[in-house]
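J.: Sequence and predicted structure below; questions after.
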Amino acid sequence: MELNAFTAGVEPGGLTHGYEIKILVCYLLDQIGEGMTFDQIHEALLAKGLVNYFELADALSELLESGHIKAVGCVKDSDRYQLTPLGLETAHTFQSSLPATVRDKAVRSAKNLLARKKRETENLVSISRVVDGYLVDMTICDIGSDLLAISLFMPTEEEAELVKRRFLRDPLLIYKGVLALMTGDLKTVGDLVEAPDNIYEDS
């Protein structure tokens, strides 16, 4: 039972040994190049079934205690973790001991997660219930006036959620599309080509 508790949620090919998870955390922070909170690391790695929650929590605690990582400024009351020189050395020395597929999945998942979080901060979207369906309010913010503010009615909650996801996936595409249709100037706006990266599905 104890073994199952500490391997639950780990997909085949994922990591089950504490020392491997510590190397992966160091490698991930090195590749991302910025501090990440526990929740961000947790979400990025568990989304791909690479580690177990309890093993990850233990690994981060041990890395802090050993001086491989340090807690820096907070994000929404959560510490961000950054590599120390010791952690950087560990990442460079032992990264080859991890399967390449694990390394690639971890970095890609984390980059997509951080990109999505950034887009959700810069672009506002909310769903509200109305008498006959749902209203999706979408705003693309800028330093001064908002670039775009639009409301779209959808008959079901599932369709409203789909619109929300599509908007956050590529707000610039939505903006370009609206601008192109309203001005009739497709050449100035540019081709309506969807961004190559999918921040929700990164298999």
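T.: Arrived safely, thanks for sending. Numbers count the residues shown, from 1 in each chain.

J.: could you point out where the chain is predicted with low confidence?
T.: Along the chain, segments meeting pLDDT under 70 span 1-9, 74-77, 143, 186-203.

J.: residues in contact with the closest residue to residue 155 other than its chain neighbours?
T.: Excluding its sequence neighbours, the residue lying closest to residue 155 (CB to CB, 6 or more residues apart in numbering) is residue 133, at 4.4 Å. Yep, even glycine has a C-beta here, placed from its N, CA and C like the rest. By CB atoms under 8 Å, 6 or more residues apart in numbering, residue 133 lies in contact with 153, 154, 155, 156, 160.

J.: What's opposite residue 133 in the beta bridge?
T.: Residue 133 has these beta-bridge partners by DSSP bridges: residue 130.

J.: any idea whether the residue lying closest to residue 43 once chain neighbours are set aside is helix, strand or coil?
T.: Once flanking residues are discounted, residue 43 sits nearest to residue 113: 5.9 Å by CB to CB, 6+ apart. Three-state call for residue 113 (DSSP: H, G, I helix; E, B strand; the rest coil): helix.

J.: Okay, residue 113 and residue 96: tell me how far apart.
T.: Plainly put, residue 113 is 25 Å away from residue 96 if you go by CB to CB, to the nearest Å.

J.: want to throw the contacts of residue 133 into CSV with distance to residue 64?
T.: Putting these into CSV (distance: CB to CB, whole Å) gives the following:
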residue, distance to residue 64
153, 49
154, 46
155, 50
156, 46
160, 42
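
J.: What segments of this structure are strands?
T.: For the chain, the strands defined by DSSP state E occupy 36-37, 69-75, 78-83, 123-130, 133-140, 148-154.

J.: partners of the first one, with directions?
T.: Paired strands of strand 36-37, with direction, are strand 78-83 (antiparallel) (DSSP bridges).

J.: Show me what the partner strand is in contact with.
T.: Outside strand 78-83, the residues touching it (CB under 8 Å, 6+ apart) are 26, 29-30, 34-39, 41, 60, 63-64, 68-74, 91.

J.: run the last query once more with 7 Å
T.: Applying CB atoms under 7 Å, 6 or more residues apart in numbering, the contact partners of strand 78-83 are 26, 29-30, 35-39, 60, 69-74, 91.

J.: ok so, going back, ok, residue 113 and residue 96, which is more surrounded?
T.: Remark: of residue 113 and residue 96, residue 113 carries more neighbours, 21 against 11, as counted by other CB atoms under 10 Å.
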